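Visitor: Sequence plus predicted model, see below.
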Amino acid sequence: MRLRWRGWSRWQRALAVGLLLPAVLLAPPGTAALALRLQYVGEPSPEARTRGRDAVWLGHAWVDGRKGDADLTALAARLAGTGIHDLYVHTGPLEHDGSLPEAVHPRARWFTDAVHRALPGIRVQSWLGDEVKPEKDALDLEDAATRDRVTASARSVLDLGFDGVHFDMEPIRPGSAGWLALLDQVREVTSARGAPLSVAAPQIDPLPGLHSAGILLTDHGKWWDQAYFAETARRVDQIAVMTYDSSMPTASLYGGYNALQTELALEATPKDVDLLMGLPFYWEDKWGHWGKAETVDAAIRGIRLGLGRHDLQRRNFGVGLYVDFAATEENWADYRRGWVR
């Protein structure tokens, strides 16, 4: 081959390089796609179904006066016969300094009291969140005074009758000491009240070091490494993986991606911590979230495959439905048929 190469003209060499270079560049993505597609192969175990530990994210309308008694009656009917155990109701957002003005949730006490009457056995958790530094000019979790104010905010929502605290702060860079310190601090408050501390977490690196490459190339922290996910999971009572906005272009690749994420998260989450895998109860069609690919059906099938392969008997496991105000009848039907039946 070396002798033949030397005998080729300049345009022949250029043509050969032009043909080979795309093949070389496309080989790693092609291999990764094949691996994800293989994750989606097989039949899920009949035992890989709801354990009665599922959750749904609810929008801010439930605590600002836009929702009332009739809406709660409809919600109770919607949840009947499902595996929903937790409601994450958006009670924030937090101010960038970590505080939570009472004016943003004037009907919070009505909601917690009403749910406890209408849906006995369902936990109502206060969903608190904000954007986070350094990627956004917002919440600074590396600042002790900010963490103190977030802790005070968590205490205030428990005083309003919420059964737990659910944090969704994005995007947290893996390695953030401030995030872990905040969880340690708030866990003392929730544990003293007998309340769960829950968090929404990013997806786990599907390839080693992908989180570092992503930050370097795009300055955006999309993934966590598995070790940092484990550090977070050890500090909470419940962790929900946001397994949507995956950029997967087909349903089979998205399902395979969910199977892989489920196995990675199961490996990293302590047995006594609730692990929930997110379901896309909304429709978008853009780069990062292809509507025809990211379906509830594909997500559930992938999650069931991952659960069956890695830890079929795990009881502290469920799915998280994001989000009530964008959900369709088809989303709910797919959840009931695929996961609850």
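Guide: Received it, and whenever you're ready, just let me know what you need.
Visitor: How about the most centrally placed residue in the chain, nearest residue that isn't a chain neighbour?
Guide: Nearest residue to the geometric centre of the chain (Cα atoms, centre = their mean): Met242, 1.5 Å. Once flanking residues are discounted, Met242 sits nearest to Gly278: 4.9 Å by Cβ to Cβ, 6 or more residues apart in numbering. Every residue, glycine included, has its C-beta placed from N, CA and C.
Visitor: for the record, mean pLDDT for the helix or strand containing that neighbour?
Guide: Using DSSP states H and E, the element containing Gly278 is strand 274-280. In this model, strand 274-280 has an average pLDDT of 98.
Visitor: can you pull out the helices in this protein?
Guide: With DSSP state H, the ranges of helices along the chain come out as 2-7, 10-39, 69-79, 108-118, 144-159, 177-193, 210-218, 226-233, 251-268, 296-310, 329-335.
Visitor: how far out from the middle of the chain is the last one?
Guide: Its chain's average C-alpha position is 19 Å from that of helix 329-335, according to Cα atoms, centre = their mean, to the nearest Å.
Visitor: neighbouring contacts of that helix?
Guide: Identification of contacts with helix 329-335 by Cβ atoms under 8 Å, 6 or more residues apart in numbering yields Arg78, Thr82, Leu279, Phe281, Tyr282, Thr295, Val296, Asp297, Ile300, Val319, Leu321.
Visitor: Wait, Leu266 touches His310, no?
Guide: Yes. Taking contacts as Cβ atoms under 8 Å, Leu266 lies within contact range of His310: 4.7 Å.
Visitor: The two: who's more crowded?
Guide: A count of neighbours by other Cβ atoms under 10 Å puts Leu266 above the other of Leu266 and His310, at 18 against 15.
Visitor: Stretch 283-297 - what's its average pLDDT?
Guide: On average, stretch 283-297 scores 95.
Visitor: May I see the buried residues of that stretch?
Guide: Neighbour-count burial for stretch 283-297 flags His289, Trp290, Ala293, Glu294, Thr295, Val296, Asp297 (criterion: 16 or more other Cβ atoms under 10 Å).
Visitor: Stretch 246-259 too?
Guide: So for stretch 246-259, counting by 16+ other Cβ under 10 Å, buried means Ser246, Met248, Thr250, Ala251, Ser252, Leu253, Tyr254, Gly255, Gly256, Tyr257, Asn258, Ala259.
Visitor: Hmm, Leu34 and the fifth one touching each other?
Guide: No. Under the contact definition of Cβ under 8 Å, Ser252 does not touch Leu34, with a separation of 11.1 Å.
Visitor: now Pro93, nearest residue through space, not along the chain?
Guide: Asp130 (5.3 Å).
Visitor: give the contact list for that neighbour.
Guide: Gly92, Pro93, Leu94, Glu95, His96, Ala138, Leu139, Met169.
Visitor: By neighbours, which of these wins?
Guide: Leu139 (27 neighbours).
Visitor: how near is the closest residue to it other than its chain neighbours to Val296?
Guide: By the measure of Cβ to Cβ, 6+ apart, the closest residue to Leu139 outside its immediate chain neighbours is Asp130, 4.4 Å from it. Distance check for Asp130 against Val296: by Cβ to Cβ, to the nearest Å, it reads 28 Å.
Visitor: do Leu264 as well
Guide: From Leu264 to Val296 the distance is 21 Å (Cβ to Cβ).
Visitor: Please consider this matter closed, and thank you.
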